[in-house]
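# Mind folding the following:
(2 chains)
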Amino acid sequence: MLRMSSLFLRTLREDPADAEVPSHRLLVRAGYVRRVAPGVFSWLPLGYIVYRNVERIVREEMDAAGFQEVHFPSLLPREPFETTGRWTEYGDTLFRLQDRKENDYLLGPTHEEMFTLLVKGEYSSYKDLPLVIYQIQTKFRDEARPRAGILRGREFVMKDSYSFDVTDEGLAISYGRHRDSYIKTFERLGLEYVIVSAMSGAMGGSASEEFLAPTVVGEDSFVRCSGCDYAANVEAVQTPAPGPADATGIPAAHAEDTPGTPTIDSLVAVSNERSDLARPDRQWTAADTLKNIVFTVTNPDGTSYPLAVGLPGDREVDLKRLEAVLQPGVPGPFDEAEFARHPSLVKGYIGPGSLGESNASGIRFVVDPRVVDGTRWITGADTAGKHVYDLVAGRDFTADGILDVAEVREGDECPACGAALLLARGIEIGHIFQLGRKYADALGLRVLDEHGELVTVTMGSYGIGVSRAVAAIAEQSHDDKGLVWPREVAPADVHLIATGKDDAVFDAAEAIAAELERAGVRVLLDDRRGVSPGVKFNDSELIGIPTIMVVGKRLADGFVEVKDRSTGERTDLEVGRAAAAVAAMCGR
RNA sequence: CGGGGCGUAGCGUAGUGGCUAGCGCGCCUGCUUUGGGAGCAGGAGAUCGGGAGUUCGAAUCUCCCCGCCCCGACCA
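As a prediction, this is how the structure comes out:
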């Protein structure tokens, strides 16, 4: 039994100044966590109980699926990460350190290498597979900008599991088992979630889905189809390419003087104002222009290369989408020095005439999927103050490839059914993906198959953010008074308050608490003497235990009150029957 | 990485060159109070984020660093 009189807890009457998002604000105010460094938090007793409940549920569901728990160190040697290239690829995000002999170590950001090597050391036959092992472990990532309390920390706890199979079919089965297990886990955690298609990012590999908890403070944007069950992270949305357009009758491309039109808006305005440029049938729009943006992509090893992206002028490049496809390269601006190095590029008037591996600049030129053969564009003429009209894709220029990195908008076409897409934000609480053979190849994880041939094992990698899930639940489950925990993760089932100054209420509360405990109900008893009722009521609402009982004023009439934290519904129960009734309410 | 804002006791804050750094919450002692963050009285608690400088004098001005929050990252 937890007692408020001795619990290591201090609730705050006011919001901490540095906390913006509700989960951060409330977890600090209610005394669940305290910050110790940027993106690094301590768990206080109530918070640690919630954290362990979440961890327990995750573990129980893993075990129920037949997966086996192992435990790796956080302190890892450099070598395996060197072998897979991630010592470099991870860049500044990796926490690096040296021992007294100046050997390089790192604090594990994730453990693919370690799992792969462990299995390699033990197993060498197809008969040993399939295998799924997992751990619940503290991870370290030196994020550029930790934010939102424990939602994005630099030290956090993750459940990561890995499957090992001989065949692609086996991998698909292991993947499916994880998917099912995750669904059960998140249901038990009381989290609302959406499963979306995702990019595999820095991990490499193919099929990948994310479990996102929808909330406005989420860092991931995703789309959901209004017509079918398609859902995808915006990074993974595939823009449907229209069929080839008929370019018959479009006049030959012609360059026009368009002084003072360095922006799309000014170009469209001038094109519509001037009779020699105007379209007879309708006004020009930004979507008729082909905007060409040049980036400098920097590799982890410090080398860099230019990349030009052409897309309809009414769209922006979504930097996150671009980053996702260029990984591990990082796109940055094409600065003045770069322009100086490529004299064929005229700032503000860059066009397909200079872009492309076979043209003057030699810069790789990729276009949006909407730029299909036969489409007609206004675009830069590679001369200051000039644009080209009636430039037809496929007829007048050919790009080096397709790159789907334009911003995704609400209302865009669903790639699965064509209906309008809805845009929302969410917190990534789980990620499952079919890694394939990248790590097994790099680290030489091979087994003998039934024909005695050495084959490379195929892997899956699956993660749940355990500490993040605590914040995600808080984010989804609170009101203006405080937290509202789902019962299974709550620090207790019942918050039992004794109010008044008579010994009678405290004695009665003690008796009820004892009876509840005997029935297996977890109790937080507010047995503080001399603390006014308002303080106790407010604390109980802030702390967010699902059932609140009050032994006070009405005890004289033989009643205690029960309040449901989430609905606010109150009922009076006879003292003698209260404990049994509440135990039933708590499912005991 | 860039821009802006901010950093004063455990928490929230006032204090724009002047003498003992103020207030509220919280904490301690005493008395009163007990159904929605009680009252009175007394008290403890701050190297004013850190460092360097300007000045007779710095929380206050300057520079550097650290940290926090927000916005942005290319518009061709």
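
# hey, C-alpha coordinates of stretch A:12-29 in CSV?
Only the C-alpha atoms of stretch A:12-29 are listed here, as CSV (Å, rounded to 0.1, in the frame of the first residue of the first chain):
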residue,chain,number,x,y,z
LEU,A,12,3.5,21.2,-8.0
ARG,A,13,0.7,23.7,-7.9
GLU,A,14,2.0,25.5,-11.0
ASP,A,15,3.1,24.3,-14.4
PRO,A,16,6.9,24.1,-14.8
ALA,A,17,8.0,27.0,-17.1
ASP,A,18,9.9,24.8,-19.5
ALA,A,19,7.2,22.2,-20.2
GLU,A,20,5.1,22.8,-23.2
VAL,A,21,3.3,19.6,-24.1
PRO,A,22,0.7,18.1,-21.7
SER,A,23,2.5,14.9,-20.9
HIS,A,24,5.6,16.7,-19.9
ARG,A,25,3.8,19.3,-17.9
LEU,A,26,1.6,16.8,-16.1
LEU,A,27,4.3,14.1,-15.4
VAL,A,28,6.4,16.8,-13.8
ARG,A,29,3.6,18.5,-11.9
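
# Please enumerate the strands of the stretch 51-200 of chain A.
According to DSSP state E, counting those that start in this stretch, the stretch 51-200 of chain A carries its strands in the segments A:68-69, A:75-77, A:95-98, A:104-107, A:131-140, A:155-165, A:194-197.

# quick one, which of the ones you listed is nearest to RNA strand B?
Nearest of the strands of the stretch 51-200 of chain A to RNA strand B, taken as C-beta to the nearest atom of the strand: strand A:155-165 at 12.1 Å. Quick note: C-beta positions are derived from backbone N, CA and C, even for glycine.

# Next, see if the closest one gets close to RNA strand B.
No: Strand A:155-165 does not reach RNA strand B (C-beta under 7 Å from any atom of the strand); its nearest approach is 12.1 Å.

# now the angle from that strand to strand A:131-140?
Strand A:155-165 runs at 160 degrees relative to strand A:131-140, counting by axes from the mean of the first three to the mean of the last three C-alpha atoms, to 10 degrees.

# strands paired with strand A:155-165, and their directions?
strand A:131-140 (antiparallel), strand A:458-465 (antiparallel) (DSSP bridges).

# Buried residues, it. List them.
A:Glu155, A:Phe156, A:Val157, A:Met158, A:Lys159, A:Asp160, A:Ser161, A:Tyr162, A:Ser163, A:Phe164, A:Asp165 (16 or more other C-beta atoms under 10 Å).

# just stretch A:282-290 next, same as before
Under 16+ other C-beta under 10 Å, the buried positions of stretch A:282-290 are A:Trp284, A:Ala286, A:Asp288, A:Thr289, A:Leu290.

# From what I see, the third one and A:Val371 are in contact.
If I follow you right, that is A:Asp288. No: at 12.0 Å, A:Asp288 does not count as touching A:Val371 under the criterion of C-beta atoms under 8 Å.

# Find residues that contact each of these two.
Shared contacts of A:Asp288 and A:Val371, defined by C-beta atoms under 8 Å, 6 or more residues apart in numbering, are found at A:Pro312, A:Trp377.

# can you list the domains in chain A?
Domain segmentation of chain A under automatic domain parsing yields A:19-191+A:434-475, A:254-402, A:492-585.

# Worst mean pLDDT among the ones you listed?
Among the domains of chain A, domain A:254-402 carries the lowest mean pLDDT, a mean of 77.

# Quick check: the gap between A:Ile195 and A:Gly394.
A:Ile195 is 38 Å from A:Gly394, where distance means C-beta to C-beta, to the nearest Å.

# Looking at those two, which is more packed in?
A:Ile195 (18 against 15; other C-beta atoms under 10 Å).

# contacting residues for that one?
Contacts for A:Ile195 were tallied using C-beta under 8 Å, 6+ apart; they are A:Arg179, A:Glu209, A:Glu210, A:Phe211, A:Leu212, A:Ala231.

# just checking, what packs against the longest strand along chain A?
Counting by DSSP state E, the longest strand found in chain A is strand A:421-436. With contacts taken as 3 or more C-beta pairs under 8 Å, 6 or more residues apart in numbering; DSSP states H and E, strand A:421-436 sits against helix A:168-188, strand A:208-214, strand A:220-225, strand A:458-465, helix A:466-476.

# Let's see the second one as CSV, backbone CA atoms only.
These are the backbone C-alpha positions of strand A:208-214, laid out as CSV (Å, rounded to 0.1, in the frame of the first residue of the first chain):
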residue,chain,number,x,y,z
SER,A,208,8.1,-1.7,-42.6
GLU,A,209,5.2,-0.4,-40.6
GLU,A,210,4.9,2.0,-37.7
PHE,A,211,2.4,2.1,-34.8
LEU,A,212,1.6,5.8,-34.3
ALA,A,213,-0.4,7.2,-31.4
PRO,A,214,-2.4,10.1,-32.9
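
# Can you check what angle separates it from helix A:168-188?
Here strand A:208-214 runs at an angle of 10 degrees relative to helix A:168-188 (the same axes, to 10 degrees).

# Strand A:208-214 pairs with which strands, and in what direction?
strand A:194-197 (antiparallel), strand A:421-436 (antiparallel).

# Spit out the contact partners of the residue of the stretch 201-350 of chain A found nearest RNA strand B.
Residue of the stretch 201-350 of chain A nearest RNA strand B, by C-beta to the nearest atom of the strand: A:Thr263 (1.9 Å). In this structure, A:Thr263 makes contact with A:Gly348, judged by C-beta under 8 Å, 6+ apart.

# how close does it sit to A:Gly348?
Applying C-beta to C-beta, the value for A:Thr263 to A:Gly348 is 8 Å.

# And A:Gln476, by the same measure?
In this view, A:Gln476 and A:Gly348 are 46 Å apart by C-beta to C-beta.
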